[in-house]
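**Student:** mind folding the following:
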Amino acid sequence: MAPAWVVVLVTAVLGLTSAGPVPTSRPPPTRRGCHVGKFPSLSPRELEAFKKARDALEESLPLKNWSCGSRLFPRTRDLIRLQAWERPAALEAELDLTLKVLGNMTDSSLGVVLDQPLRVLRHIHSELQACVRAQPTAGPRPRGRLHHWLHRLQRAPEESQGCLEASVTFNLFRLLTRDLKCVTGGDLCV
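**Tutor:** Just a heads-up that it's a prediction; the model follows:
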């Protein structure tokens with residue numbers, strides 16, 4: 001009876017070693033220097049700071065003319081359609097525009113409210129830049145959906161400042177919750 005158990009045990013061990021690694025719910029880091037996976041969600045304190053900033057931004061919007069000619073930020077479902085390796089570049093471009101717009105806001109009363117959210121956004125942005133820089137550059141220029149996404153964000157400054165501020169304000173929580181979670185989830189983004 002003992003030799004039968006040994007055969008079963010050896011067969012099971014050999015089967016497990018040839019099966020490969022067991023998938024985990026957290027994607028492994030794919031690039032050296034790319035640590036965006038540590039941002040699956042923000043702390044409650046950070047989220048509260050963003051809520052205060054959003055509320056202050058929304059209060060300032062009715063005083064401005066902010067009609068927009070087009071949708072500046074793509075929808076989350078558009079991010080899901082990108083390849084996993086394209087998503088950090090798309091989110092990095094969104095964050096870049098968001099930081100520029102929030103940094104150029106002229107209302108001095110928003111400075112205190114925006115201070116912590118801007119610090120968090122700059123930190124996330126720097127991590128995303130490391131991910132984007134870690135990608136091979138020898139390949140072709142972005143095409144398809146990523147090209148369309150980046151082109152739309154590059155043309156955003158053609159809109160009025162009021163439109164940019166409104167678009168950033170209304171996109172802020174989607175960017176922080178859905179888009180960031182999708183990028184950190186890698187292939188698990190659905």
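
**Student:** which residues of this structure fall in helices?
**Tutor:** 2-19, 44-60, 76-81, 87-103, 110-134, 144-154, 161-174, 180-185 (DSSP state H).

**Student:** to C68, which of those helices lies closest?
**Tutor:** helix 161-174 (4.0 Å; Cβ to Cβ). For the C-beta atoms, the positions are set from N, CA and C on the backbone; glycine is no exception.

**Student:** returning to what we had before: need the helices of the chain in TSV with distance to G69 and mean neighbour count, can you?
**Tutor:** Supplementary listing: these in TSV, determined by distance: least, Cβ to Cβ, whole Å; neighbours: other Cβ atoms under 10 Å:
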stretch	distance to G69	mean neighbour count
helix 2-19	54	9
helix 44-60	21	15
helix 76-81	19	16
helix 87-103	16	21
helix 110-134	25	17
helix 144-154	12	16
helix 161-174	7	19
helix 180-185	27	20
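
**Student:** and R133, how far is that from S126?
**Tutor:** 11 Å (Cβ to Cβ, to the nearest Å).

**Student:** same question for C68.
**Tutor:** Going from C68 to S126 by Cβ to Cβ gives 29 Å.

**Student:** quick one: contacts for the spatially closest residue to E86 that is not a sequence neighbour?
**Tutor:** Residue nearest to E86 in three dimensions, not counting chain neighbours: L146, with 4.4 Å by Cβ to Cβ, 6 or more residues apart in numbering. By Cβ atoms under 8 Å, 6 or more residues apart in numbering, the contact set of L146 is L82, Q83, E86, A89, A90.

**Student:** fine by me, thanks again.
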